[in-house]
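Visitor: Okay, here's the prediction I keep looking at, along with the sequence it came from:
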Amino acid sequence: GAGVSQTPSNKVTEKGKYVELRCDPISGHTALYWYRQSLGQGPEFLIYFQGTGAADDSGLPNDRFFAVRPEGSVSTLKIQRTERGDSAVYLCASSRDGNGGYTFGSGTRLTVV
Amino acid sequence: DQQVKQNSPSLSVQEGRISILNCDYTNSMFDYFLWYKKYPAEGPTFLISISSIKDKNEDGRFTVFLNKSAKHLSLHIVPSQPGDSAVYFCAARGSGSARQLTFGSGTQLTVLP
């Protein structure tokens, strides 16, 4: 596609539930990133994929968070046993080779009630 | 421990005048710096970048200055236009294989007509 697509754009879930957030990167981009942005803050790094493998997952806050990219294209960020503190905008970005600036999607606004 | 700091949460400038947005960093391993612009309900958009081997990079109305000794960079927009009103994020990337960006907390720029 022309840009990075993220679905859903908004997600409201109850505390303790499981959620999946989807990212469809720009075609041909091998590098894919997940960031999380809380209100009044800049985006915070979560995980970086180069192809199918997670090259750097040092930003994942705990083991409730997991991400996959099985075919090197679409990625899914999975959050188990959601907590109210997980409420944020989750941003996905992709780049051709991991260098330079990358292109962000519009994000998924997750609200845990 | 904020490694990238934007100390001004907001800035108002008259149309046609210069906007100067500032950013400070603490990690001397950062070797590449970027500015992103963000409109409400959209993802951040890459604006301009600079490598640590340079002290200035210009692209149209946008110029980024880097002072490595002071660990300071700034974004100049001249002349400012109402459409420039957005949140501006400074970001930095470390050397080596790390590809994650560390973002500041952003500055809301308002250009008054």
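Guide: Now that the structure is in, tell me what you want to look at. Note that the structure is predicted; figures quoted are calculated from it, not measured.
Visitor: Could you double-check that residue A:4 lies in contact with residue A:22?
Guide: No. Applying Cβ atoms under 8 Å as the test, residue A:4 and residue A:22 come out as separate, 11.1 Å apart. (C-beta placed from N, C-alpha, C; glycine too.)
Visitor: In terms of neighbours, single out the busier of those two.
Guide: Remark: of residue A:4 and residue A:22, residue A:4 carries more neighbours, 23 against 15, as counted by other Cβ atoms under 10 Å in any protein chain shown.
Visitor: Next one: that one from chain B, what distance?
Guide: Separation of residue A:4 from chain B (Cβ to the nearest Cβ, to the nearest Å): 7 Å.
Visitor: Contacts only, for the nearest residue to that residue once chain neighbours are set aside.
Guide: Nearest in space to residue A:4, with sequence neighbours left out and distances taken as Cβ to Cβ, 6 or more residues apart in numbering or on different chains, is residue A:105 at 3.6 Å. By Cβ atoms under 8 Å, 6 or more residues apart in numbering or on different chains, the contact list for residue A:105 reads A:3-6, A:23, A:91-93, B:43.
Visitor: Repeat that for residue B:40.
Guide: Contacts of residue B:40 by Cβ under 8 Å, 6+ apart: none found.
Visitor: Model confidence score at it, please.
Guide: Looking at residue B:40, its pLDDT stands at 91.
Visitor: Could you give the number of residues near residue A:21?
Guide: 21.
Visitor: Could you double-check that it lies in contact with residue A:108?
Guide: Yes. With contacts counted by Cβ under 8 Å, residue A:21 reaches residue A:108, the gap being 4.7 Å.
Visitor: Give me the common contacts of these two.
Guide: A:6-8, A:11, A:90.
Visitor: how about the residues of chain B that lie near chain A?
Guide: Within chain B, the positions near chain A by Cβ under 8 Å from any Cβ of the partner chain are B:4, B:6, B:9, B:34, B:36, B:41-46, B:49, B:89, B:91, B:97-106.
Visitor: Tabulate the CA atom coordinates of the helix or strand of chain A with the lowest mean pLDDT in PDB.
Guide: Least confident helix or strand, chain A: strand A:53-56 with a mean of 88, by mean pLDDT, DSSP states H and E. Provided in PDB are the C-alpha atoms of strand A:53-56 (Å, rounded to 0.1, in the frame of the first residue of the first chain):
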ATOM      1  CA  GLY A  53      12.900 -11.900  13.200                       C
ATOM      2  CA  ALA A  54      12.800  -9.600  16.100                       C
ATOM      3  CA  ALA A  55      16.200  -7.900  15.900                       C
ATOM      4  CA  ASP A  56      15.600  -5.900  19.100                       C
END
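Visitor: can you tell me if that strand touches chain B.
Guide: Yes. Using Cβ under 8 Å from any Cβ, strand A:53-56 reaches chain B at A:55-56.
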